[in-house]
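J.: here you go, sequence then predicted model.
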Amino acid sequence: MQSSTVTLKGQVTIPADLRRRLGLSPGDRVDFVLENGALRLVKREVRVEAGFGLIQADRAVSDEDMERAIRARAAGQGAPDQDAR
């Protein structure tokens with residue numbers, strides 16, 4: 001069994017080998033579950049929704065432009081020329 005000391009701020013250090021085995025990296029979120037007097041740490045699942053808004057586009061694209069590009073790509077024509085609008 002491995003142990004750690006609780007700091008004045010209530011923080012503990014998770015031993016490096018346990019972090020590796022759990023796949024924990026700096027910035028990862030964890031949940032704490034209290035079960036029968038024991039505390040269990042669970043890595044929080046990463047959801048796609050968490051990434052929404054992280055990437056900013058250079059310009060706005062209308063729904064019609066997206067549909068046109070999708071149809072052109074599906075037809076094997078590549079993306080339509082932006083100046084051809």
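T.: On my side now, so go ahead.
J.: is it correct that Val12 is in contact with Leu18?
T.: No - Val12 lies out of contact with Leu18 (Cβ atoms under 8 Å); the separation is 11.2 Å. Backbone N, C-alpha and C define where each C-beta goes, glycine included.
J.: Gln2 and Leu18 touch, don't they?
T.: Yes - when contacts are counted by Cβ under 8 Å, Gln2 is listed as touching Leu18 (6.7 Å).
J.: which one's more surrounded, the two?
T.: Leu18 (12 against 7; other Cβ atoms under 10 Å).
J.: please identify which helix or strand holds the more buried one.
T.: Per DSSP states H and E, Leu18 falls inside helix 16-22.
J.: could you look up the SS state of Asp31?
T.: strand (DSSP: H, G, I helix; E, B strand; the rest coil).
J.: so what's it closest to, chain neighbours aside?
T.: Among residues not flanking Asp31 along the chain, Val42 sits closest, at 4.7 Å (Cβ to Cβ, 6 or more residues apart in numbering).
J.: Arg73 versus the one you found, what's the distance?
T.: Relative to Arg73, Val42 is positioned 41 Å away (criterion: Cβ to Cβ, to the nearest Å).
J.: and Glu67, by the same measure?
T.: 11 Å.
J.: could you pull out the strands for this protein?
T.: Along the chain, counting by DSSP state E, strands occupy 30-35, 38-43.
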